[in-house]
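S.K.: Need a 3D model of the following:
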Amino acid sequence: MKLRFRLTFIILAFLLASCGYHLSENHIYLPNHISRVYIENPKNSTYEPNISVYLKNAIINDLKLEPNISIVTNKSEAQAFLKTDIISYSAVPTAYTASGLASMYSCTITVKLSLTTKDGKKIISDKILTSSRSYSIPDINTNSISSIESAKLQATKYAISDMASLIREQLFMSSGF
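M.R.: Predicted structure coming up:
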């Protein structure tokens, strides 16, 4: 019995000691003195309407999840400025029905990201980020303009939400296990 207990104790101690599993906190890329960020209105260099509005709202909502950063609405309160330029947007068919109607599309958004301190120092300079989402047409038999536009809008918002997460990742480094 004592031998079994010792053996169990040794194995358990070995397993616990050798297990390198641990969770790490998020570490900020930003200098410590930057905690207030102003989000500039995104420049939309595409012909797709309203995506700059969706992008700004998504960035603000995503960065609100970070306790180390506060989003300010007044430029004079900011310690850094986040600037985005939507340089590319596409929604192209990727699958078709037997009758030749598009049944699935892919939405791709490319953004140029910059982060500058109040004194003009570039922290992130013209970083190119791309996000894509596929979407299907819900009522493929009618393939109406409204169902296509509705599916496209939903995919666009999902791709923009993914883009906001990519932007957040550029500001924060998540170290895993």
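S.K.: Going by C-alpha atoms from here, please, whenever you check contacts or count neighbours.
M.R.: Noted.
S.K.: Look up how far I137 lies from N44.
M.R.: N44 is 26 Å from I137, where distance means Cα to Cα, to the nearest Å.
S.K.: no, scratch that, I was asking about S165
M.R.: 26 Å.
S.K.: And K122, by the same measure?
M.R.: With Cα to Cα as the criterion, K122 and I137 are 42 Å apart.
S.K.: Those two: who's more crowded?
M.R.: Set K122 next to I137 and count neighbours by other Cα atoms under 10 Å: I137 wins out with 19 against 14.
S.K.: For the residue nearest to the more buried one when sequence neighbours are not counted, give me its contacts.
M.R.: Take I137 and drop its neighbours on the chain: the residue closest to it by Cα to Cα, 6 or more residues apart in numbering is S103, 5.4 Å away. S103 makes contact with 93-97, 136-137, 140, according to Cα atoms under 8 Å, 6 or more residues apart in numbering.
S.K.: 6 Å instead, please
M.R.: 95-96, 136-137 (Cα atoms under 6 Å, 6 or more residues apart in numbering).
S.K.: Mind pulling up the pLDDT for it?
M.R.: If you check S103, the pLDDT there is 81.
S.K.: Kindly report the same for the one 5 residues further on.
M.R.: Predicted confidence (pLDDT) at T108: the value is 94.
S.K.: Could you look up the SS state of it?
M.R.: Under DSSP: H, G, I helix; E, B strand; the rest coil, the three-state class of T108 is strand.
S.K.: Does it touch T130 like I think?
M.R.: No: judged on Cα atoms under 6 Å, T108 makes no contact with T130 at a distance of 7.0 Å.
S.K.: Could you check how far the closest residue in space to S106 that isn't next to it in sequence is from N50?
M.R.: Nearest residue to S106, sequence neighbours excluded (Cα to Cα, 6+ apart): S134, at 4.2 Å. According to Cα to Cα, S134 stands 19 Å off from N50.
S.K.: So between the two, which is more surrounded?
M.R.: Neighbours around S134 and N50, counted as other Cα under 10 Å, are more numerous at S134. The numbers are 19 against 9.
S.K.: Cool, thanks, signing off.
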